[in-house]
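Student: Structure here, sequence nowhere to be found:
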C-alpha cells in the first residue's frame, strides 16, 4: 500500500491547534454539506465552517507546513494543497466506504491526507481504514501525525464509540499524477539524498540528480 505516515506537528503545536478549533463549537456544521451525493449517504460528522476566520487561518497553517516539509515535498511533489477542512467525529458518528472525487472545485485529487489532532487515548474507534486489492489498513495516529495516501483508494472512518475525534483532511494535486511514477521518483530522491549525506557531493551523484530532475520533467504535468 502506497502511503506515508509522518509527524507534522509537535505535541504542543497540535494541542494549541486543537484548543483553537474547538473553542467555539457554533462554527461547526453538518458534514453532509461538503460531501457528494453518494458520500453524503454514509457520512455522519461535523465540519468547521470553511469560510470562518478560524478555518481559513488554520487551513493556511496546515498548507504551509505541508508544502515546506522536505519529506512530504519529496513524497507528494505538491503542485496544490487544497480543500482543507476540519472534521469532528463524535460518539456514534462515522464515515462509511467512499472514494474521493477525482476533480473538485478546488483542484484535482491525486493524494488525500488526514492530520490527526486528538490524542488516540481520548477516544475509541474512529480508525481511518484504507483498502487495497490485498488488505485493509486501519490507521489511528498520535495527535500531530499525518497520513497521506492515494485518492484512488476506497476508505472510511470507523464509528467513534467513545469521545470525539478531531482531524484535518484535505487533498493534494501533484506535479506527477501517477502514484507509481511518484513512488519511483520518491525512491530515487531518497536514495540520492542519503548518498549525499553519507559521502558528500560527487560527479557521479550529480548524474543521479540530473537523471531525477529530467525524469521529473518528463513525468510531470
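Tutor: Sure thing, it's come through. Being a predicted model, the structure only gives us computed values, none of them experimental.
Student: most residues in a single helix of the chain, which one?
Tutor: Secondary structure of the chain read by DSSP state H shows that its longest helix is helix 179-199.
Student: buried sites along the helix or strand following that one?
Tutor: As assigned by DSSP states H and E, the chain's next helix or strand after helix 179-199 is helix 203-219. Buried residues in helix 203-219, defined by neighbour count with 16 or more other C-beta atoms under 10 Å: 208, 212, 216, 219. Placement of C-beta: from N, CA and C, glycine included.
Student: what does the domain assignment say about the chain?
Tutor: With domains defined by automatic domain parsing, the chain comprises 4-174, 179-219.
Student: just to revisit the earlier point, from the contact counts, what lies against the longest helix of the chain?
Tutor: Applying 3 or more C-beta pairs under 8 Å, 6 or more residues apart in numbering; DSSP states H and E, one finds that helix 179-199 contacts helix 70-76, helix 203-219.
Student: Distance from the longest one to the middle of the chain?
Tutor: Okay, so that is helix 203-219. How far helix 203-219 lies from its chain's middle: 27 Å, per C-alpha atoms, centre = their mean, to the nearest Å.
Student: what's the angle between it and helix 179-199?
Tutor: The directions of helix 203-219 and helix 179-199 differ by 160 degrees, with axes from the mean of the first three to the mean of the last three C-alpha atoms, to 10 degrees as the criterion.
Student: what does helix 203-219 rub up against?
Tutor: Contact partners of helix 203-219, identified using C-beta atoms under 8 Å, 6 or more residues apart in numbering, comprise 77, 175-176, 178, 181, 184-185, 188-189, 191-192, 195-196, 199.
Student: centroid residue for this protein?
Tutor: residue 113 (1.4 Å; C-alpha atoms, centre = their mean).
Student: quick one: secondary structure of the nearest residue to it once chain neighbours are set aside?
Tutor: Leaving aside its chain neighbours, residue 113 sits nearest to residue 148 (4.5 Å; criterion: C-beta to C-beta, 6 or more residues apart in numbering). When classified by DSSP: H, G, I helix; E, B strand; the rest coil, residue 148 comes out as strand.
Student: Figure out how far the lowest-mean-pLDDT helix or strand in the chain is from the centre of its chain.
Tutor: Lowest on mean pLDDT, DSSP states H and E among the helices and strands of the chain sits strand 43-44, with a mean of 90. On the basis of C-alpha atoms, centre = their mean, strand 43-44 sits 19 Å off its chain's mean C-alpha point.
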